[in-house]
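J.: Take a look and give me a structure for this.
(one chain, ligands or ions: 1)
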Amino acid sequence: MKLELRGITKRFGSLVANDHIDLTVEPGEIHCLLGENGAGKSTLMNVLYGLYEPTEGEIVVDGTPRKFRTAGDAIDAGIGMVHQHFMLVPVFTVAENVMLGHEETKPMGWLDRRRARKKVLDLVDEYGLKVDPDMLVEDLPVGLQQRVEILKALVRDAKVLILDEPTAVLTPQETEELFRVMRALRESGHSIVFITHKLKEVKAVADRITVIRRGKVVGTADPASSEKELASLMVGRPVKLVVDKTEAEPGAVRLEINDLTVLDGNGQAVVDRVDLRLREGEILGIAGVDGNGQSELTQAILGLRAPAAGSISLDGKDLAGMSPRQILGSGVGFVPEDRQHDGIVSDFTVAENLVLDMVTQAPFGKRGSIVPSAVRDNARERVEEFDIRTQTIESPAGTLSGGNQQKVVVARELSRPLRLFIASQPTRGVDVGAMEFIHKRIVAERDVGTPVIIVSTELDEVVALADRIAVMYRGRIVDIVPPTTSRGDLGLLMAGVLPGAEHADGAGATRADTAPAGPVEAKTNESDATPGEEDPA
Ligand SMILES: Nc1ncnc2c1ncn2[C@@H]1O[C@H](COP(=O)(O)OP(=O)(O)OP(=O)(O)O)[C@@H](O)[C@H]1O
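T.: Predicted coordinates:
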């Protein structure tokens, strides 16, 4: 199916999000849309999927102009979309989710489960989309939930599939699997419109690249171009793709975690006897495959989860019993991994979101009232400094593009005096230009002495920023290594395997095999060595 967008313009009030965009998607190609935050990519895809009506322009499918008033119209025309936030029913099975709204119903209106299963299994076979049709969606990891979304589109006969930043929430392994599926779909004549900010991914799968800047198509790029070339085309200026930082000069221990254990709802340890020391002026990267206790560790530090055992102290003060509000208020900056859920209040203005929990403090609050001029002045400064693309500082934060919402959260958290800064996936969804800036600000925060914890599933990001890397596996810190450690060894540690350790049967030894009695080795690394000393670089 050949898809043409001709002269698509989409305005929101006076803002022109898409400005006469022409885009052709040929059958059997992976077409990458590249563009800075707020460039208009998601808006264009929402127009294509019938979620927004274009102000001007037309959509042409195989030579015939079509009008999409709803997503249903787009689906009928053979277009499918996988959103970043999945639209699945957690308590339904995979087959039920795939067939929902598209049921092969029996006379009573019941879903024909047998036929639904078969249909799903056929698609699973055809495209190598391995997923068990009988599993409940709530039990599936993110990568598999995404597959269910893709299956939903395929069962509705999608010929063009829109994937809007599908890899933002995936582990590197899941990303590889997704690419395999994307290539299989391409082989079978499907087309894919792929949005990502990760230039390596663009180079790995794109057949063609269209670059959008400030609502306009500014050109096409060859997937063989270097990452540097793609980056500057994307943001309109040269971008440094490496983090500039000097050797850390760690000072006194500021954060001390002893024997910390956090349990999940089933009583399983999700953080398992963790010991950590974090010093002034250092960045500790926490690497690990998503779901190995990183989130729960940060939640425990913030008072969002009560530990089952162990202690956490900041500057010698035990944090036990303190509420998250008190902990944040005491100078702990936090960038949560899910910005939409935990980072911003969508209906509040950009200006309000830039002060949120600081609103009772000077200069934003005085004698119990908000000082609007201080809130506005702060917003203007932050918007300028962090290049937050918003129509006005009074626009609801929910109308900002995903990357710009992320900039709001980072700007707020990095703009007050901090005693500790914790950022989970700090650059998720931001473009290469904004990433360069955020990394610079994080290093600057370290250089004024703030201890920093970065949790990221992006190994590149951890390696670039961290002065030391703690690797988590199944709730344990399996090792703390310098950032010069090879990717291979980091990968092994993330899989719970100690590099170099060999079993008699040839398999690598796991940390659980070698250190079952507690986090003694991690502790030794931590407390007995000065952080600088263990880094040979
Ligand atoms: N519902 C809306 N109301 C008002 N403005 C909107 C709305 N949706 C998007 N915008 C604005 O349209 C512009 C384009 O946003 P869009 O989400 O399409 O960008 P994007 O290229 O997808 O960015 P990102 O890479 O950050 O996801 C932005 O300025 C955004 O604030």
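
J.: List the contacts of Leu354.
T.: Residues near Leu354 by Cβ atoms under 8 Å, 6 or more residues apart in numbering: Val375, Asn378, Ala379, Arg382, Val408, Ala411, Arg412, Ser415. Where C-beta positions appear, they are placed from N, C-alpha and C, glycine not excepted.

J.: For it, give me phi and psi.
T.: Torsion angles at Leu354 (phi, psi; degrees, to the nearest 10) stand at phi -80, psi -10.

J.: Quick check: pLDDT value at it.
T.: Model confidence at Leu354, given as pLDDT, is 95.

J.: and the gap between it and Asn378?
T.: 6 Å (Cβ to Cβ, to the nearest Å).

J.: Give me the common contacts of those two.
T.: When contacts are counted by Cβ under 8 Å, 6+ apart, Leu354 and Asn378 have Ser415 as shared neighbours.

J.: Low-confidence ranges, the stretch 401-537 of the chain, go.
T.: Segments of the stretch 401-537 of the chain classed as low confidence (criterion: pLDDT under 70) are 500-537.

J.: how about the residue in the stretch 251-400 of the chain that the ligand sits nearest to, phi and psi?
T.: Of the stretch 251-400 of the chain, the residue with the smallest distance to the ligand, taken as Cβ to the nearest ligand atom, is Thr399 at 3.6 Å. As for Thr399, its main-chain torsions (degrees, to the nearest 10) stand at phi -90, psi 0.

J.: Was I right to think it contacts Phe12?
T.: Yes - the pair Thr399 / Phe12 is scored as a contact, 7.1 Å apart, by Cβ atoms under 8 Å.

J.: Need the residues touching each of these two.
T.: Taking Cβ under 8 Å, 6+ apart as the criterion, Thr399 and Phe12 both touch Gln391.

J.: Mind checking which of those two has more residues around it?
T.: More crowded of Thr399 and Phe12, by other Cβ atoms under 10 Å: Thr399, with 16 against 13.

J.: which residues does that one contact?
T.: Residues touching Thr399, when contacts are defined by Cβ under 8 Å, 6+ apart, comprise Phe12, Thr390, Gln391.

J.: As TSV, those with distance to the ligand, secondary structure and pLDDT would be great.
T.: As requested, these are arranged in TSV below (distance: Cβ to the nearest ligand atom, whole Å; DSSP: H, G, I helix; E, B strand; the rest coil; pLDDT from 0 to 100):
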residue	distance to the ligand	secondary structure	pLDDT
Phe12	3	strand	95
Thr390	6	coil	94
Gln391	6	coil	93
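
J.: Neighbours of Arg117, how many?
T.: With neighbours defined by other Cβ under 10 Å, the count for Arg117 comes to 18.

J.: Adjust the sequence numbering to begin at 54 for everything that follows.
T.: Happy to do that; since the first residue is 54 now, the last one works out to Arg170.

J.: Who are the contact partners of it?
T.: When contacts are counted by Cβ under 8 Å, 6+ apart, Arg170 touches Ala148, Pro186, Asp187.

J.: Please put the alpha-carbon coordinates of stretch 293-310 into PDB.
T.: What follows is stretch 293-310, C-alpha atoms only, in PDB (Å, rounded to 0.1, in the frame of the first residue of the first chain):
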ATOM      1  CA  LYS A 293      28.400  16.800  20.700                       C
ATOM      2  CA  LEU A 294      27.400  13.100  21.100                       C
ATOM      3  CA  VAL A 295      29.900  12.500  23.900                       C
ATOM      4  CA  VAL A 296      29.600  13.800  27.400                       C
ATOM      5  CA  ASP A 297      32.300  16.300  28.400                       C
ATOM      6  CA  LYS A 298      33.500  15.600  31.900                       C
ATOM      7  CA  THR A 299      36.600  15.700  34.000                       C
ATOM      8  CA  GLU A 300      37.600  13.100  36.500                       C
ATOM      9  CA  ALA A 301      35.300  13.100  39.500                       C
ATOM     10  CA  GLU A 302      36.700  14.500  42.800                       C
ATOM     11  CA  PRO A 303      34.600  12.600  45.300                       C
ATOM     12  CA  GLY A 304      34.400  14.000  48.800                       C
ATOM     13  CA  ALA A 305      32.800  12.700  52.000                       C
ATOM     14  CA  VAL A 306      30.100  10.000  52.000                       C
ATOM     15  CA  ARG A 307      26.700  11.700  51.800                       C
ATOM     16  CA  LEU A 308      24.300   8.800  51.200                       C
ATOM     17  CA  GLU A 309      24.600   5.600  53.100                       C
ATOM     18  CA  ILE A 310      22.500   2.600  52.500                       C
END
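
J.: so is the residue lying closest to Val288 once chain neighbours are set aside in a helix, a strand, or just coil?
T.: Spatially, and ignoring its direct neighbours in sequence, Val288 is nearest to Gly486 (3.8 Å; Cβ to Cβ, 6 or more residues apart in numbering). Assigned state for Gly486: helix (three-state reduction, DSSP: H, G, I helix; E, B strand; the rest coil).
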